[in-house]
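> Prediction below, plus the sequence it came from.
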Amino acid sequence: MTKYNEEFKIKLVTEYLHGNLGYKLLAKKYNIPSRTTLQDWVRAYKTLGMEGLKRKNMKEAYSVHFKLDTIQFMIETGASYQETADQFRLNNPSLIFRWTKIVNEQGIEGLKPKSKGQPSMSKKPNKQKKEEIKLTHEELERENELLRLENAYLKKLRAFRENPSAFHEKHKQRWHSNSKKKGSD
């Protein structure tokens, strides 16, 4: 987005107010992409004077109380975002829209300023509360048995991957010896 200096804005607003060209023709004459930009400048000048055309160097921090008063005024009077912005001398009506959306989604707590950046390193480690898991003796025995089986399975799998033919021979011999025992009964 192109940024325009204060003198340029004053020139265009003055030309609009004292000349005979409309928003569209003035925007075209000075290669401004949209006439709404010029409309916003004229509206800001009419409501806030020269202050409305100045760029703010720093973001202004508004209190939670101010934000709530603004939203409450808009709701009670039925004013538009622009009318509310004019009433509270804000040159950006989208701020009010954002505040309203935050209150609807997060409540008043969402309007409180949030700290920026990463949190500082504390000297004490965070002690997170872990839920204590209470298992009965039988459940612990069962879990222990499952872990033993899993461990044995993984060992056999590793052995098979290292030497598949030796693994087959070993189990082939076991199978034959087991089948002879069963047949001899």
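In hand now; what should we look at?
> what about the longest helix in this protein?
helix 137-162 (DSSP state H).
> elements contacting that one?
Applying 3 or more Cβ pairs under 8 Å, 6 or more residues apart in numbering; DSSP states H and E, one finds that helix 137-162 contacts helix 164-183. (Glycine included, C-beta is placed from N, CA and C.)
> again, only using 6 Å
Other elements packing on helix 137-162 under the criterion 3 or more Cβ pairs under 6 Å, 6 or more residues apart in numbering; DSSP states H and E are absent; no helix or strand qualifies.
> Tell me how far that helix lies from the chain's centre.
43 Å (Cα atoms, centre = their mean, to the nearest Å).
> Kindly report the same for stretch 103-121.
Stretch 103-121 sits 12 Å away from the centroid of its parent chain (Cα atoms, centre = their mean).
> Quote the end-to-end distance of it.
Terminal residues of stretch 103-121 lie 31 Å apart, using Cα to Cα, to the nearest Å.
> any idea of the mean pLDDT in that stretch?
Here stretch 103-121 scores 81 as its mean pLDDT.
> contacts for it?
Around stretch 103-121, the neighbours that count as contacts under Cβ atoms under 6 Å, 6 or more residues apart in numbering are 64, 67, 102.
> Stretch 48-57 now?
Under the criterion Cβ under 6 Å, 6+ apart, residues 6, 9, 44-45, 89, 91 lie in contact with stretch 48-57.
> next one: stretch 19-35
Contact partners of stretch 19-35, identified using Cβ under 6 Å, 6+ apart, comprise 16, 38-39.
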